[in-house]
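Make a model of this:
(one chain, ligands or ions: 1)
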Amino acid sequence: MTILAIESSCDETAAAVTRERSVLSNVVATQIAEHRLYGGVVPEIASRRHTEAISEVCKKAVADAGIEYGDIDAIAVTFAPGLIGALLVGLNFAKGLSVSLGVPLIPVHHLRAHIAANYIDTDLKPPFLCLTVSGGNTIITKVNDYTSFSPLGGTTDDAAGECFDKVARALGLEYPGGVTLDRIATEPDFTAYPLPVPHTAGVYDFSFSGLKTAAVNLIHNAAQRGETPDVSVLAATLRSRVAKMLADKTFLAARDTGLKTLAIAGGVSANSELRRVLKEGCEKSGVALYLPELKYCGDNAAMVGVAGYYEYLSGNTAGADMNAFATMPIDYR
Ligand code: KG4
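Below you'll find the model as predicted:
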C-alpha cells in the first residue's frame, strides 16, 4: 500500500511516501532559522510558512519516491495534537489531495506517529513500552497493539524538551536549545551545580518546570553577581538530571508491567545521555531497546505514513468533516 504522508503540527513542513514499514522518500522543510529570531516557534509564522511550502514538499516527496500522484493509495495526515493553525494547513491540503485522487484519508495522532518511527526498517512488534519525549510532550505509554495505547504517566507540567529549550535560551544559546545543550555538555558532573531532583505524586509522572526554573534562576543570579556559569558543565548537569528522571520512571514502568521491550520516540529521544542511560539500564535488566534513527526522532512524515498504514488496517479513515485538534489523548480511539 503506497501512502503519501503529511506532517505540519509544528515548525517542520514534511511529506513522505511509505509502503507498509518502508520509506520511499522523506522530505522535511524546516522553519527553524526563522523561529530562531524569536527564541521559539511563533504559531502564526509557522502556519504561513507551511502554506508556502506544502505543495512543493509534497511534489518533491512524490518525485523522490519515483512515483506519480496516481500511484498513491491513501493520504495520511497528522490531525492532532499540535499548533492548530499549523495542523490545519497540512490537513486541508491532505483533504484536497484525497478528494482529487479519489483515495482514503487517514487521520494520524502525532504521538502515535512518533512511536511508529520505531517500526521503520525494524522487526519491532507490540506489545512494548514506549517513552515519548519531545518539545511539547513527555509520556510513558504501553503500546498494546499498533493502534491501541495505554498511557501510564506523563509530565504534570512542562515537557522535557521545553525544559532544555528554555534553559538554553537563558544561556543565550540558539533555538532549539536541546540540541545545542546536548552538543556542548561535558561529561556528567552532578555536584557542580545544585539542581533539584523533582518528585511527583504519580509513580510514572514527571515534572520539569521546577528544574527549568531552578536552572534559569541559577543563570540569572550568577549574572546579577557579574558571573557566568560554566555553560558546558551546567548543560551536562541538566542533561544528566533529565535523562535520569526519564530513565528511572521508564524502568519502573517496565518492571511493573513486565514488558521486556522498550522503545523511545520524539525529538528528545536524540539526546545522547538519554540513549546512553537507557542502553545501560536495558543491558542490565535484559530489556530489548529500540532507538529510532536520528533522522526519524524529530518531526517527519515518514513516521506518519507508517502509523497511517496501521490506522488504515484498523479501519480508521476520516470523513469529509475531519478536523484538527490542538490536544488529543493518545488513547482517543
Ligand atoms: O519531536 P520534536 O521534533 O517536535 C515536537 O515537539 O513535536 O521535538 C523537538 C524537541 C525540542 O525541544 C528540541 O530541543 C529537542 O526536541 N531535541 C533535543 C535533542 N534534539 C532535539 N533535546 C535534547 N537533546 C537532543 N539531542
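
For this protein, which residues are neighbours of the ligand?
Remark: the part of the chain in contact with the ligand comprises 10, 134-136, 161, 164-165, 176-179, 182, 266-268, 270-271, 298-299, using Cβ under 6 Å from any ligand atom. Heads up, the C-betas are built off the backbone N, CA and C, glycines and all.

where along the stretch 101-250 of the chain do the strands fall?
Secondary structure of the stretch 101-250 of the chain, counting by DSSP state E, counting those that start in this stretch: strands at 105-109, 128-133, 138-145, 148-154.

now the ones you listed as TSV including mean neighbour count, mean pLDDT and distance to Val277?
As requested, the strands of the stretch 101-250 of the chain are arranged in TSV below (neighbours: other Cβ atoms under 10 Å; pLDDT from 0 to 100; distance: least, Cβ to Cβ, whole Å):
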stretch	mean neighbour count	mean pLDDT	distance to Val277
strand 105-109	26	98	28
strand 128-133	27	98	11
strand 138-145	22	98	15
strand 148-154	18	98	18
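
Out of the ones you listed, which is closest to Ile32?
strand 128-133 (18.6 Å; Cβ to Cβ).

Neighbouring strands of the closest one in the sheet, and parallel or not?
With DSSP bridges as the test, strand 128-133 is paired with strand 138-145 (antiparallel), strand 261-265 (parallel).

Distance from the chain centre to it, please.
Strand 128-133 sits 11 Å away from the centroid of its parent chain (Cα atoms, centre = their mean, to the nearest Å).

Extract the C-alpha trace of it and format it as PDB.
Below are the C-alpha coordinates for strand 128-133, written out as PDB (Å, rounded to 0.1, in the frame of the first residue of the first chain):
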ATOM      1  CA  PHE A 128       6.100  -2.900  24.200                       C
ATOM      2  CA  LEU A 129       6.700   0.100  26.400                       C
ATOM      3  CA  CYS A 130       7.500   3.500  24.800                       C
ATOM      4  CA  LEU A 131       8.900   6.700  26.300                       C
ATOM      5  CA  THR A 132       7.900   9.600  24.000                       C
ATOM      6  CA  VAL A 133       9.700  12.800  24.700                       C
END
